[in-house]
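Q: coords below, sequence missing:
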């Protein structure tokens, strides 16, 4: 089982628009494509992601995104690992 999935609305750092995010609540990390984040919002990281086929991906860094759950409108600050590949 890959965990529970939810679609929530997120506000990206440095942008005034919001978009729907697909969150895997059973995931170990949250991944966000770099095209949605301004480079000044990305903080360096030494993390290396290992895919299920054992290949490795070095992320651009990490960022925090404020997300809001549609059911109760609660806001949460969530850390995302930023990658160039989608």
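A: Looks like it arrived, so ask away. None of the values given here were measured: they were computed from a predicted structure. Residues are numbered from 1 along each chain as shown.
Q: shaky segments in this structure?
A: 1-27, 85-86 (pLDDT under 70).
Q: can you give me the strands for it?
A: Using DSSP state E, the strands of the chain run over 5-11, 18-24, 31-33, 49-50, 56-57, 61-68, 75-83.
Q: Just checking: what are the partner strands of the longest one?
A: The one in question is strand 75-83. strand 31-33 (parallel), strand 61-68 (antiparallel) (DSSP bridges).
Q: List the contacts of it.
A: Residues outside strand 75-83 that contact it (CB atoms under 8 Å, 6 or more residues apart in numbering) are 10, 23, 29-34, 37, 42, 45, 47, 49, 57, 59-69. Every residue, glycine included, has its C-beta placed from N, CA and C.
Q: Show me what counts as buried in it.
A: Using 16 or more other CB atoms under 10 Å as the test for burial, strand 75-83 gives 80, 81, 82, 83.
Q: Provide the partner residues of the last one in its beta bridges.
A: The residues listed as beta-bridge partners of residue 83 by DSSP bridges are residue 33.
Q: For residue 70, see how far away the nearest residue to residue 29 once chain neighbours are set aside is.
A: Excluding the flanking residues, the one nearest residue 29 by CB to CB, 6 or more residues apart in numbering is residue 81, at 5.2 Å. Separation of residue 81 from residue 70 (CB to CB, to the nearest Å): 24 Å.
Q: try residue 54
A: In terms of CB to CB, residue 54 sits 37 Å off from residue 70.
Q: do residue 53 as well
A: Distance, residue 53 to residue 70, by CB to CB: 34 Å.
Q: neighbour count winner among these two?
A: Of the pair residue 53 and residue 70, residue 70 is the one with more neighbours under other CB atoms under 10 Å, namely 11 against 5.
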